[in-house]
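**Student:** With the input below, show me the fold.
(one chain, ligands or ions: 1)
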Amino acid sequence: VIIIGEKINASRPGVKEIIENRDIQGLLALAREQAEAGATYIDVNVGIGTGTKEEEIKSMEWAVETIQNGIETNLCIDSADPKVLKAGIDTRQGRASIINSTKAEEKTLEKVVPLASQAKAPIIALAMDEAGIPKDVQGRLNACRKIVSSCEKHGVSLENVYFDPLVIPVSADAGQGIVTLNTIAGIKEEFPLAKTVVGLSNISYGLPARSMLNAAFLHMAIYAGLDAAIMDPADEGLASAVKAGRALIGKDRHFRRYTKAFRKNN
Ligand code: THG
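**Tutor:** Have a look, this model is predicted:
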């Protein structure tokens, strides 16, 4: 499971201020902490909600520039706005980055899928369309099918597509966890080349003992076929859940990585 660090997100306490004040050391500390904890990609989401699109573009350019000058790491450029995604990718200058994200809406697909094709960048595609997040598995798979058509049209291989089945807080609707899990399995069955990703921490929003819920959901998602997670890499329980989960489904030959990580603790 590929770990994408979630912490550079303007909705988190303190991060909005780091972005607004152009706090270089504050931003780099968040990036470094996650890279050192084992994140392969660092998510960068600078949308503060109240600002204009132009401000979000400027903030994205600043954040990408600052991180790439400060540390060697891969980024996951996170915005609902295709112009912000393009600004992030253009600032990125060739180093590996994921585009996060497009949804199955024609207008968005026509902007973001060609960007992924030109930049040869992996892309995260949300299993939703202009009407919102479908409540059931078939609705979400239908959204994925529209995205696959667009990828075929623009020459993006499904190996470079991470489908996000979407995680809704179970505190809002207790039945949604299983919908997400079954959507992961459905995607892997219908599009074996494609990859899957979730924004893991969303599952536990509004509930106590979030870390435990996140780890439990991660185990089930790994069994269903999860390839990547946007999560807190510094959460030790979660990092352990990744190592244990991938080993238990046979993706860690001879439990080598698992053993290396835990031997000295026994
Ligand atoms: N899918 C995709 N991209 C996404 C999301 C997704 N980007 C944004 C978001 N969802 C994923 N990122 C976060 C970042 C922080 C939190 C949740 C999702 C969050 N953090 C709490 C905090 O920092 O205080 C604590 C987390 C915890 O304790 O579990 O809530 O779904 N493609």
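
**Student:** Please count neighbours and contacts with C-alpha atoms only from this point.
**Tutor:** Will do.

**Student:** Would you mind measuring from the residue nearest the centre of the chain to residue 133?
**Tutor:** The chain has residue 230 as the residue nearest its centroid, 4.2 Å off, counting by Cα atoms, centre = their mean. Applying Cα to Cα, to the nearest Å, the value for residue 230 to residue 133 is 19 Å.

**Student:** Low-confidence stretches in the stretch 101-250 of the chain?
**Tutor:** For the stretch 101-250 of the chain, no stretch is flagged by pLDDT under 70.

**Student:** before we move on, back to that, residues touching the residue nearest to the centre of the chain, list them.
**Tutor:** 3-6, 43, 197-201 (Cα atoms under 8 Å, 6 or more residues apart in numbering).

**Student:** cool, residue 1 as well?
**Tutor:** Contacts of residue 1 (Cα under 8 Å, 6+ apart): 222, 226-229, 242, 246.

**Student:** What is the neighbour count of residue 249?
**Tutor:** 11 (other Cα atoms under 10 Å).

**Student:** ditto for the one 4 residues further on
**Tutor:** Neighbouring residues of residue 253 were enumerated by other Cα under 10 Å; the total is 11.

**Student:** show me what contacts it?
**Tutor:** Contacts here follow Cα under 8 Å, 6+ apart; on that basis residue 253 touches residue 247.

**Student:** which residues in the stretch 51-200 of the chain form helices?
**Tutor:** With helices called from DSSP state H, counting those that start in this stretch, the stretch 51-200 of the chain shows them at 53-70, 82-92, 106-119, 137-154, 176-190.

**Student:** Quick check: closest non-adjacent residue to residue 119.
**Tutor:** Distances taken as Cα to Cα, 6 or more residues apart in numbering put residue 89 closest to residue 119, at 7.6 Å, once the chain neighbours are dropped.

**Student:** Could you double-check that the one you found lies in contact with residue 75?
**Tutor:** No. Between residue 89 and residue 75 there is no contact under Cα atoms under 8 Å: 9.5 Å.

**Student:** Am I right that the residue nearest to the centre of the chain sits in a strand?
**Tutor:** Yes. According to DSSP: H, G, I helix; E, B strand; the rest coil, residue 230 belongs to a strand.

**Student:** From residue 138, how far off is it?
**Tutor:** Between residue 230 and residue 138 the distance is 24 Å, computed by Cα to Cα.

**Student:** so what's the closest residue to the ligand within the stretch 51-200 of the chain bridging to?
**Tutor:** The minimum distance from the stretch 51-200 of the chain to the ligand, using Cα to the nearest ligand atom, falls at residue 199 (3.5 Å). Under the criterion DSSP bridges, residue 199 forms beta bridges with residue 230.
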